[in-house]
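In: Quick one, structure for this:
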Amino acid sequence: MKHDSYVMSELQSIREAFAEASSFLAGHGLAEPQRSSQLLLEHVLGLSGAAYYMALADPFPPARKAEWEALVTRRAAGEPVQYITREQEFYGRAFEVTPDVLIPRPETELLVEAILKYGAELWPDGLAGVRGEAAREVEGDGQWTAAGGEAGVVRGQAAPGTMAAADEAAAHSGAGRNAARRVSGAGAAGAARPLTAVDIGAGSGAISVTLAAEAPAWRVCAGDISPGALAVARRNAQRHGTAVDLRLGDLLEPFAGLETDILVSNPPYIPGGDIAGLQREVRDHEPRTALDGGGDGLDPYRRMMEQLPLLPAPPRLVGFELGQGQAEQVAGLLRAAGHWDEIITIDDLAGIPRHVLGIARRRTGEAGPV
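Out: This is a model prediction of the structure:
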């Protein structure tokens, strides 16, 4: 299929520019060409909502013509709109996205909703009991950054200066200092500590930043194997005024020794042999490391179950997003692990089983099966 450059007709209204670009994109086999044209127009014109619709009859600004043509041409070649505009909405917030991260999908909002719901049921006050000295940070500093801090905290192999800047922001935050004292004191006294949620495969930070924003009493951590992805997540944490402890590494490894109450992940789950048949927007532009789940797409789930001994105790709440037809197998992995007495499957808006949750209603050590 040809991908010729888009050349806008001479002077026309914004509405006519929209219609012309929509027709051009449709001719190049793009799905939802009108939606793409509107998003690109809003981006080029700096308009949204009612302001965009009110401007449709206005002449298209000549100063924006070259940019408009370039963006429509990129979309016609299959590049996702979100990478062109560098933005995607998730849970009512705008997130920066780049080719370093998977584009957040609407169905993942259902996973966040489920984690927030069951997290509130298990820990109504956002606090969890300490299981001895293991609750202290593996680094030994006993510190964590409270939600609302200036920057996402990056631990592990961060880019030069990143960790120092984040730690400096935490050190100058009164909330951060108070929270640090609460945690270090709780470890000694066996009292409550902040509920800790860990997101594996941070990507843009859509899950972790949203959890930190919606549940400010929680301590939220996130890991990713990609330094580029962590950089995007850090910027999104800063953008939304949340603090997320970001760590570079493979699955649960960066969180070894960390007392973890909630484990959530939208890992790569597409079978490697299926990637060639994906839509070109996904296949050719989204990061393969965020897509390829191995031979049957289930490798990350198996490995996370195998890595659970890295944590002081199994998380009481686990939530995974997964691909079509994988729900029974992932649920089986959770049952086989034997840590959760309730396994829940949640359908997406299309009725496809999309998320599996494991819930331990009883704490470790309490009477009854867990």
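In: going forward, measure contacts and count neighbours with C-alpha atoms only.
Out: Will do.
In: quick one: buried residues of stretch 268-284?
Out: 268, 269, 270, 271, 272, 275, 280, 282 (16 or more other CA atoms under 10 Å).
In: Out of those residues, list just those in helices.
Out: 280, 282 (DSSP state H).
In: of the buried residues of stretch 268-284, closest to residue 8?
Out: Ranked by distance to residue 8 (CA to CA), the buried residues of stretch 268-284 are led by residue 280 at 25.0 Å.
In: Please name the nearest non-neighbouring residue to the closest one.
Out: Leaving aside its sequence neighbours, residue 280 sits nearest to residue 78 (CA to CA, 6 or more residues apart in numbering; 6.4 Å).
In: So which residue is dead centre in this protein?
Out: The centroid of the chain falls nearest to residue 206 when counting by CA atoms, centre = their mean (3.1 Å).
In: Please enumerate the strands of the protein.
Out: For the chain, the strands defined by DSSP state E cover 87-90, 93-96, 127-129, 153-155, 192-194, 196-200, 219-224, 245-248, 262-265, 317-321, 342-347, 353-359.
In: most packed of the ones you listed?
Out: Most buried of the strands of the chain, by mean neighbour count (mean count of other CA atoms under 10 Å): strand 219-224, with a mean of 30.
In: Could you give the average pLDDT over that strand?
Out: Taken as a whole, strand 219-224 carries a mean pLDDT of 98.
In: ok, residues contacting that strand?
Out: Contacts to strand 219-224, defined as CA atoms under 8 Å, 6 or more residues apart in numbering, come from residues 144-147, 194-203, 205, 208, 211-212, 230, 243-252, 254.
In: next one: stretch 15-33
Out: With contacts defined as CA under 8 Å, 6+ apart, stretch 15-33 is touched by 1-3, 6, 8, 34, 36-38, 41, 56-58, 60, 72, 75-78.
In: mind listing what's buried in it?
Out: Across stretch 15-33, burial judged by 16+ other CA under 10 Å covers 15, 16, 17, 18, 20, 21, 22, 24, 25, 28, 30, 33.
In: tell me the pLDDT at the fourth one?
Out: Residue 18 is assigned a pLDDT of 96 by the prediction.
In: Tell me the spacing between it and residue 71.
Out: 13 Å (CA to CA, to the nearest Å).
In: same question, the second one
Out: Plainly put, residue 16 is 17 Å away from residue 71 if you go by CA to CA.
In: ditto for residue 260
Out: In this structure, residue 260 and residue 71 are 44 Å apart, going by CA to CA.
In: quick one: which of those two has more around it?
Out: Taking neighbours as other CA atoms under 10 Å, residue 260 and residue 71 compare with residue 260 leading, 24 against 21.
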